[in-house]
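Participant: please find the sequence and the predicted model below.
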Amino acid sequence: REVSLDLDRGEVLGIVGESGSGKSVTALSILGLVPNPPGRITGGEILWRDQDLLKLDDDALRKVRGAEIAMIFQDPMTSLNPVYTIGQQIVEMLRLHQGVNKKEARRRAAEVLSLVGIPRAEQRLDDYPHQFSGGMRQRAMIAMAISCDPDLLIADEPTTALDVTVQAQVLEVLQQVQAETKAAIVLITHDLGVVAGMADDVMVMYAGRAVERSAVDNIFYGPGHPYTLGLLESLPRLDERAGGLRLNPIKGQPPSLVNVPPGCPFHPRCEFAQLPSPCATERPELFSVLTSPAHRAACHFADEVAERSAERLKRRAETV
């Protein structure tokens, strides 16, 4: 609902939030991949190189997908076609978008598989998805996404269901790809540690809306929305184990998007909500937080929250 974002070339935007907050739907909307019906876009525009993607027909939009904007899906096992080899699926993209012959497409396919760290890439082109491990399938998805050198890469939770070592390898591949192609990346994830290490800007989503947007340092050291602070305080840290500090989880459950509470959708779970107050009756827009004009939060008390959250996180660090 009324989500607005923008990226420059080479920038990494991290999108975070609980399951059901609207992260993946937002990303799928960019490429017109939300099934219709039941999904529909009721207004707004999606501008890419001065053209509105919502106004393109299927053929024109198909030329953008993969060639200019590519997506790494959350589950490679269900996104890769099980009856075609990895090589056939990458070759098909290259021949469709770049018009090269089969031999050249296969050479390029082996090149991108090698780039993402698949050993014996030329031979592995003839393997099927089930012959790859989970981490290798994710790498194959990245290879397919970058094969046409897109300018925007949307990574929808690329490290989900992978062990920590493979996660680190996949993220390293993404960073390497970005360094070589200068592509912009939209990184959707639950992992705030991944965001801290990769993102330039962060957008926090809740109940289908953006509730905070700022540079990554502002988000981590002085969040202006109680929900963002709750996410940070729910994050376990190795340096706090010796101090015996308990996690402070967010109370309650995310709201039903069919019946969103009036006012601020987070107010039933918010420790900062003051009742009676505008929290329960008026939905806040994204306001600039006093600590930084580029730091915006959808909270009626964003400045107070930013000050208190900075003090709280400081005390937490001092306690450790």
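Facilitator: Arrived safely, thanks for sending.
Participant: quick one: the strands in the chain?
Facilitator: 12-16, 47-48, 51-52, 69-72, 152-156, 184-188, 201-206, 209-215, 287-289, 292-297 (DSSP state E).
Participant: tell me which strands and helices the last one is in contact with?
Facilitator: If I follow you right, that is strand 292-297. Packing partners of strand 292-297 (3 or more C-beta pairs under 8 Å, 6 or more residues apart in numbering; DSSP states H and E): strand 209-215, helix 216-221, strand 287-289, helix 302-319. No exception for glycine: its C-beta is placed from N, CA and C like everyone else's.
Participant: look up how far Gly197 lies from Val3.
Facilitator: Look at Val3 and Gly197: by C-beta to C-beta, to the nearest Å, they are 24 Å apart.
Participant: ok, now Gly87?
Facilitator: Distance, Gly87 to Gly197, by C-beta to C-beta: 32 Å.
Participant: try Ala27
Facilitator: In this view, Ala27 and Gly197 are 20 Å apart by C-beta to C-beta.
Participant: which residue of those two possesses the greater neighbour count?
Facilitator: Ala27 (21 against 14; other C-beta atoms under 10 Å).
Participant: for that one, what are its contacts?
Facilitator: Ile15, Met71, Ile154, Asp156, Val186, Ile188 (C-beta atoms under 8 Å, 6 or more residues apart in numbering).
Participant: likewise for Gly208?
Facilitator: By C-beta under 8 Å, 6+ apart, the neighbours of Gly208 are Arg1, Val3, Ser21, Gly22, Val25, Leu257, Val260.
Participant: how about a cut-off of 10 Å?
Facilitator: Gly208 is in contact with 1-3, 17, 20-23, 25-26, 255, 257, 260, 265, counting by C-beta atoms under 10 Å, 6 or more residues apart in numbering.
Participant: what sits against the residue nearest to Thr159 when sequence neighbours are not counted?
Facilitator: In space, and not counting its chain neighbours, Thr159 is closest to Gln167: 4.1 Å by C-beta to C-beta, 6 or more residues apart in numbering. Gln167 sits next to Gly135, Gln138, Pro158, Thr159, Thr160, Ala161, Asp191, Gly193, Val194 when contact means C-beta under 10 Å, 6+ apart.
Participant: how near is the residue nearest to the first one when sequence neighbours are not counted to Leu115?
Facilitator: The spatially closest residue to Gly135, leaving aside those adjacent along the chain, is Val166, at 3.6 Å (C-beta to C-beta, 6+ apart). Plainly put, Val166 is 17 Å away from Leu115 if you go by C-beta to C-beta.
Participant: and the residue nearest the centre of the chain, how far from Met203?
Facilitator: Among the residues of the chain, the one closest to the centroid is Ile188, at 1.4 Å (C-alpha atoms, centre = their mean). Distance of Ile188 to Met203, given as C-beta to C-beta: 10 Å.
Participant: do the same with Ser29
Facilitator: The gap separating Ser29 from Met203 is 14 Å, by C-beta to C-beta.
Participant: what's the spacing between stretch 50-68 and its chain's center?
Facilitator: Per C-alpha atoms, centre = their mean, to the nearest Å, the displacement of stretch 50-68 from the mean C-alpha position of its chain is 21 Å.
Participant: now it: average pLDDT?
Facilitator: The average pLDDT for stretch 50-68 rounds to 90.
Participant: residues near Glu304, how many?
Facilitator: Glu304, neighbours per other C-beta under 10 Å, totals 14.
Participant: so it is in contact with Gly224, correct?
Facilitator: Yes: using C-beta atoms under 10 Å, Glu304 makes contact with Gly224 at a distance of 9.2 Å.
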